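A.B. asks: test case, fold it:
(chains A and B)
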2 protein chains.
Amino acid sequence: MKQYIQDNKERFFQELFSILRIPSISAKPEHRPDMRRCAQRLVELLLEAGADSAQVMETDGNPVVFGQKTINPDCRTILVYGHYDVQPAEPLEKWNTDPFEPVIHDDAIWCRGANDDKGQLFMHIKAFEFLVRTGQLRHNVKFIFEGEEETGSASLPAFIKANRELLKADICLVSDTTMISDKVPSINCGMRGLSYLEIKVTGPNKDLHSGHYGGAVANPINVLCEMIASLMDNDNRVTVPGFYDSVVELSQADRDMLARAPFDMDEYMKFLDIDQVKGEKGYTTLERTGIRPSLDVCGIWGGYTGQGAKTVLPSTACAKISARLVPNQKSAEITKLISDHLKRIAPPCVKVEITPYESGDGFLIPINSDAYKAASRAMMEVYGIEPVPSRGGGSIPILAEFQKELGMDPLLMGFGLERDTIHSPNESYLLRQFFAGMESIALFYRYY
Amino acid sequence: MKQYIQDNKERFFQELFSILRIPSISAKPEHRPDMRRCAQRLVELLLEAGADSAQVMETDGNPVVFGQKTINPDCRTILVYGHYDVQPAEPLEKWNTDPFEPVIHDDAIWCRGANDDKGQLFMHIKAFEFLVRTGQLRHNVKFIFEGEEETGSASLPAFIKANRELLKADICLVSDTTMISDKVPSINCGMRGLSYLEIKVTGPNKDLHSGHYGGAVANPINVLCEMIASLMDNDNRVTVPGFYDSVVELSQADRDMLARAPFDMDEYMKFLDIDQVKGEKGYTTLERTGIRPSLDVCGIWGGYTGQGAKTVLPSTACAKISARLVPNQKSAEITKLISDHLKRIAPPCVKVEITPYESGDGFLIPINSDAYKAASRAMMEVYGIEPVPSRGGGSIPILAEFQKELGMDPLLMGFGLERDTIHSPNESYLLRQFFAGMESIALFYRYY
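C.D. replies: Numbering: from 1, shown residues only, chains lettered A, B, ... in the order given. Here you go, the predicted structure:
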């Protein structure tokens, strides 16, 4: 595949850029036309790459792209999953270049979606194209690209239920995760689940003059801060009753295996420019994101946030709160536990509204499967090092659904790196990872 | 004056509207040209009303309007203070009509500045006009209207120092406060001071994926919430060391006098649509805003605040924090106490920056002076009830400066009502208060 990449590199960039340029932000309703444009462009790319058929399929939300090529019904079938929607680009002022105009410099592609997940799903289309055009394809291949991953894949469970036969496969192959580093290839063998909710605290029914009322009427910002502060104790454990009840505690052997992943605390703190890490007492940094649940405020707002000083006691304050979950925490249960707890601790001087958003359970992947072994062999050949099994802190909630509904394990060959800062300004994707990913995927087909 | 108002009402509205339409928002640098336009228009209005001279005078910030009429150097001189700048209109979506296009309905004028302070300072220009045109003026009158009251009157102290002779007067007459209700006229005999600062908490140097880092790296929103929550204890007392050290505790006799002001808790809670008030233990609601200092978060922001769910562990979180102060708390000292305390309690996993904004000391006004007695008699004649001395919770920091620099007490004849919701959307000013204010001011000149 190396030579094929060399010969077709410029075309690859132009094709990838044509989807990167479409601002397919699923969180913002005004981008719905962009979702469809992006889906249609992916259909074209699948057909050009050699799919027998490819189409935009409707859901209750953003459309799904489905394409396939059948070699022989007796061969193994690989379902490639990816998502063409991206995170919002805000804060826009922190981008060095236009978030939706890809550029290549410093050995990387820079654009929202360059990695997550347009860049990574594109590797699959090109590895597939290579196998087709060189007559090496020995598997039936199906592609499903959804447009709601970043907002919780709300429409996909119903789509999966309605299209079981169509989606049936032996393995669900996904590139939407990171490796430990480009010198330490790794394969994700578990991901965290997610609960996400918004809380709105209302004090007085209008914004008030903070002089006339300050000190006499509950300030919803102060109250919200007190509520949020109380969600964690001094050991950085979540205080929501029942939060840890179903968490699977790992054996020392399992913890030892995960501890094999190399980790340099100095480099980690330097990359983030922090003087100290912070997390649950009794666990290492890798364990805190790999095998332990966490709770973060992803956004907060209330009162006057413009320039200068405005003295106001605001009517409302809001926050977006997310929890990352581990096996066997059930997302729906945890969302309810957090909601109920927030309502319970709200003082009587305010009113509280909770809106639950996306959610999904975490999952584990067996590392003794044919698929895992094939991926390991493929990556070892490309990187020259045996990949380490790792636990990802992020979430791809829909994969638990595939596992449950279609009885098919996911295989997470992700080629992102932390340096790519997905979800943040100046997202990028290293070219050498982009190409090593294509090679690894093509070799996976050979060894699976 | 009643008849004069009747005969000139429409002209009064058109003149007032001409200044209300100018968005003189001092907090926003882009409105600087509007500040000057508004000042120039006030010069015209003062000259038309009968001032001997009126001019726009430069400061380091927004210009000051100064006008005067001299009857006889031996007569008493009244300095009328007001401010032509207004608060920002945000949140714009909560306004029922354009915030800078005045409308009259439901017996009130609706516009940003309708009360605070354009509507109230305008009453002085018209009372003055009436006295001049009917040959009844027996005082020398000076007007000073500043353009930075809402942002802390930063340029005025230097202006006062540089223009002592020009500003010299026997009393500083101000209408920039509220009465207890339109059935319970009151005269402010004290106001709170103000400290205001902004805090920025920085965790990692970039926004992070909350899955990859959540639980392992300090989240600046969570940290900021914890810091803010710790600023108040369970008795709703401020925990900043030294905060209460210089607070003057009132005697029981003084507390009893203030308690004469009628207060209906049910009506108060109904007006705000709250089920419970909240404030410092051991004090009544009126005391909490009148004689006790308070601390409020006026604004907070961080992370993703758009629609939908974005999973991010943000790099920074900010809040605007204000404290209302009582005699003898020194604003500069309190700002430093709060800043130092915030820096001290910040955990080592984050960095903290503090920006101090506007500030000013509180003050008390004697109620046995000629001026107070004249105001009381004037308002009794208009309202048919003797006005109650009250303590305002708000702040007009510059008045303490007048008192200190020019040895001149302020007299606060304010005609606003809580229903006017100044600083909030849909600010308004009741027409009957607008007219009763003019009458009261004209009578004050008679009895002083």
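
A.B. asks: residues contacting A:L156?
C.D. replies: A:L156 makes contact with A:59, A:64, A:146, A:148, A:398, A:401, according to C-beta atoms under 8 Å, 6 or more residues apart in numbering or on different chains. For every residue, glycine as well, the C-beta is placed using N, CA and C.

A.B. asks: just give me the closest of those to A:G437.
C.D. replies: Taking C-beta to C-beta as the measure, A:G437 lies nearest A:E146 of the contacts of A:L156, at 19.8 Å.

A.B. asks: show me what contacts that closest one?
C.D. replies: Neighbouring residues of A:E146 by C-beta under 8 Å, 6+ apart: A:62, A:64-65, A:81-85, A:153, A:155-156, A:398.

A.B. asks: so of those residues, which ones are in helices?
C.D. replies: Using DSSP state H, the members of the contacts of A:E146 that fall within helices are A:156, A:398.

A.B. asks: could you dump the contacts of A:E146 into a markdown table with pLDDT added?
C.D. replies: A markdown table is the format used below for the contacts of A:E146 (pLDDT from 0 to 100):
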| residue | pLDDT |
| --- | --- |
| A:N62 | 97 |
| A:V64 | 98 |
| A:V65 | 98 |
| A:Y81 | 97 |
| A:G82 | 97 |
| A:H83 | 98 |
| A:Y84 | 98 |
| A:D85 | 98 |
| A:S153 | 88 |
| A:S155 | 93 |
| A:L156 | 94 |
| A:I398 | 85 |
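
A.B. asks: would you turn the contacts of A:E146 into TSV with distance to A:G203?
C.D. replies: Listed next are those as TSV, based on distance: C-beta to C-beta, whole Å:
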residue	distance to A:G203
A:N62	37
A:V64	43
A:V65	46
A:Y81	45
A:G82	45
A:H83	39
A:Y84	42
A:D85	36
A:S153	35
A:S155	37
A:L156	39
A:I398	38
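
A.B. asks: chain B: which of the contacts of A:L156 is nearest?
C.D. replies: Closest approach between the contacts of A:L156 and chain B, by C-beta to the nearest C-beta: A:E148, at 10.3 Å.

A.B. asks: pretty sure the closest one is in contact with A:S155, am I right?
C.D. replies: Yes: with contact defined as C-beta atoms under 8 Å, A:E148 reaches A:S155; the gap is 5.9 Å.

A.B. asks: between those two, what contacts are shared?
C.D. replies: Listed as contacting both A:E148 and A:S155 by C-beta under 8 Å, 6+ apart are A:59, A:61-62.

A.B. asks: out of these, who's the most crowded?
C.D. replies: The most neighbours of any of the shared contacts of A:E148 and A:S155, using other C-beta atoms under 10 Å in any protein chain shown, belong to A:N62, which has 27 neighbours.

A.B. asks: before we move on, back to that, A:E148 and A:S155: which has the busier surroundings?
C.D. replies: Neighbour tally, A:E148 and A:S155, criterion other C-beta under 10 Å: the higher count belongs to A:E148, 25 against 19.

A.B. asks: report the contact partners of the more buried one.
C.D. replies: Counting by C-beta under 8 Å, 6+ apart, A:E148 makes contact with A:26, A:59, A:61-62, A:83, A:85, A:154-156.

A.B. asks: make it 6 Å
C.D. replies: A:26, A:61-62, A:154-155 (C-beta atoms under 6 Å, 6 or more residues apart in numbering or on different chains).

A.B. asks: helix, strand or coil: sort out the closest residue to chain B within the stretch 301-448 of chain A for me.
C.D. replies: The nearest approach of the stretch 301-448 of chain A to chain B comes at A:G394, 3.0 Å away (C-beta to the nearest C-beta). Here A:G394 is recorded as coil under DSSP: H, G, I helix; E, B strand; the rest coil.

A.B. asks: so what's it closest to, chain neighbours aside?
C.D. replies: B:G211 (3.0 Å; C-beta to C-beta, 6 or more residues apart in numbering or on different chains).

A.B. asks: where does that neighbour fall, secondary structure wise?
C.D. replies: With elements taken from DSSP states H and E, the one containing B:G211 is helix B:210-213.

A.B. asks: and the gap between the residue of chain A most remote from its centre and chain B?
C.D. replies: Here chain A reaches farthest from its C-alpha mean at A:H212, the gap being 46.5 Å by C-alpha atoms, centre = their mean. Distance from A:H212 to chain B, counting by C-beta to the nearest C-beta, to the nearest Å: 5 Å.

A.B. asks: could you tell me the phi and psi values at the residue nearest to that residue when sequence neighbours are not counted?
C.D. replies: Closest residue to A:H212 apart from its sequence neighbours, by C-beta to C-beta, 6+ apart: B:G393 at 4.8 Å. Backbone dihedrals for B:G393, given as degrees, to the nearest 10, come out at phi -80, psi -20.

A.B. asks: model confidence at A:G290, what's the number?
C.D. replies: A:G290 carries a pLDDT score of 85 in this model.

A.B. asks: what residues are up against it?
C.D. replies: Contact analysis of A:G290 by C-beta under 6 Å, 6+ apart lists A:R391.

A.B. asks: any idea how far it is from A:C189?
C.D. replies: 10 Å (C-beta to C-beta, to the nearest Å).

A.B. asks: okay, buried residues for stretch A:302-313 please.
C.D. replies: Residues of stretch A:302-313 classed as buried by neighbour count (16 or more other C-beta atoms under 10 Å in any protein chain shown): A:302-305, A:308-313.

A.B. asks: okay, now A:E93: neighbour count?
C.D. replies: Using other C-beta under 10 Å as the criterion, A:E93 is surrounded by 6 other residues.
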